[in-house]
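Asks: Just the structure for this:
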Amino acid sequence: MSKFQIEQAFWQLFPQCEIGVVVLHGINNSEEGCEPVRPEMIEQLEKANLEAKKYLTEAVFSQNQVVAVWRQAFTQFKTKKGARSSIEALLKRIEKGNEVGLINPLVDLYNTVSLRYGLPCGGEDLDCFVGDLRLTVTAGNDVFLALGDEESDLTLPGEVCYLDEEGAVCRCWNWRDGQRTMLTEDTQNAILVIESVDPSRHPDLLAAVDFLAKTAVQYLGGKASTKILTREDAEFDLAD
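Replies: Numbering: from 1, shown residues only. Alright, predicted model coming up:
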């Protein structure tokens, strides 16, 4: 894989969006490799679960600002029925008292960042992509096998998706992740994205990208490169 590109069709819908990118090379994401720092990582996630409550200030869940801006964003493209942003899904768990638990070190780390900063955050294994990664509005019929599913589905025309040459990587923008490129304990090279549709959250996005890059290298080793993608600068070289 050589690059990540956000295409013009996306910017026509979301001209003020910013996508923070963290690319990691040479990490050790195994539980065994992270054993010395795992207790600290777990503590960070536990604290983030508590800290995320600050984003839930309204009696009606959908009226919380972090939720509302993404609800509005999801009305601007075709989605599966009931599709919601990943940050809404996490905050819904917090509202119900169901803490976000452990999956694997890097996933736990990006969930920590998402909860701490109130922004959608996700990641994929770079070595599982076919060709370049694109964020675009799809014409539909891209093959997608979601986490936890046994049968593939197809994307919808007009749906915002992350795609490569094999099919969809993440559907309805940041709603459902796919099995093919999921982060596992065997992942050595990864791309993580943090998304913001609210220009007032620019400082939070910068802080989240910086925190994610620094802590990933601190806990998992390897090296990190970062960039904020905008309409004016919408491409990132993913080579090591």
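Asks: Residue 61 touches residue 94, doesn't it?
Replies: No. Checked against CB atoms under 8 Å, the pair residue 61 and residue 94 is beyond contact range at 10.3 Å. Backbone N, C-alpha and C define where each C-beta goes, glycine included.
Asks: Between the two, which is the more surrounded one?
Replies: Neighbours were counted for residue 61 and for residue 94 using other CB atoms under 10 Å; residue 94 has more, 19 against 14.
Asks: tell me the pLDDT at that one?
Replies: Here the pLDDT value assigned to residue 94 is 98.
Asks: Can you verify it is assigned to a strand?
Replies: No. Counting by DSSP: H, G, I helix; E, B strand; the rest coil, residue 94 is not found in a strand; it is helix.
Asks: Next, the most far-flung residue of the chain relative to its centre: phi, psi?
Replies: Using CA atoms, centre = their mean, the residue of the chain lying farthest from its centre is residue 59. It sits 26.9 Å away. Dihedral pair for residue 59: phi -70, psi -40, per degrees, to the nearest 10.
Asks: what's the answer for residue 152, then?
Replies: Residue 152 adopts backbone torsions of phi -70, psi 160, taken as degrees, to the nearest 10.
Asks: residue nearest the centroid of this structure?
Replies: residue 122 (2.0 Å).
Asks: A strand includes that one, no?
Replies: Yes. With three-state DSSP as the criterion, residue 122 is located in a strand.
Asks: Pairing partners for it in the sheet, please.
Replies: Residue 122 has these beta-bridge partners by DSSP bridges: residue 193.
Asks: Residue 143 and residue 136, how far apart?
Replies: 16 Å (CB to CB, to the nearest Å).
Asks: now do residue 61
Replies: 30 Å.
Asks: returning to what we had before: any idea how far the residue farthest from the centre of the chain lies from residue 95?
Replies: 11 Å.
Asks: for residue 214, same thing?
Replies: 29 Å.
Asks: Could you do residue 172 as well?
Replies: 21 Å.
Asks: Between these two, point out the one with more neighbours.
Replies: residue 172 (22 against 15).
Asks: so what's the nearest residue to residue 166 once chain neighbours are set aside up against?
Replies: Nearest non-adjacent residue to residue 166, counting by CB to CB, 6 or more residues apart in numbering: residue 130, 4.0 Å away. Residues in contact with residue 130, defined by CB atoms under 8 Å, 6 or more residues apart in numbering, are 164-166.
Asks: now stretch 152-168: how far from the chain's centre is it?
Replies: With CA atoms, centre = their mean, to the nearest Å as the basis, stretch 152-168 stands 16 Å off its chain's centre.
Asks: got a list of contacts for that stretch?
Replies: So stretch 152-168 is contacted by 1, 10, 13, 77-80, 124, 129-146, 169-173, 178, 180-181 (CB under 8 Å, 6+ apart).
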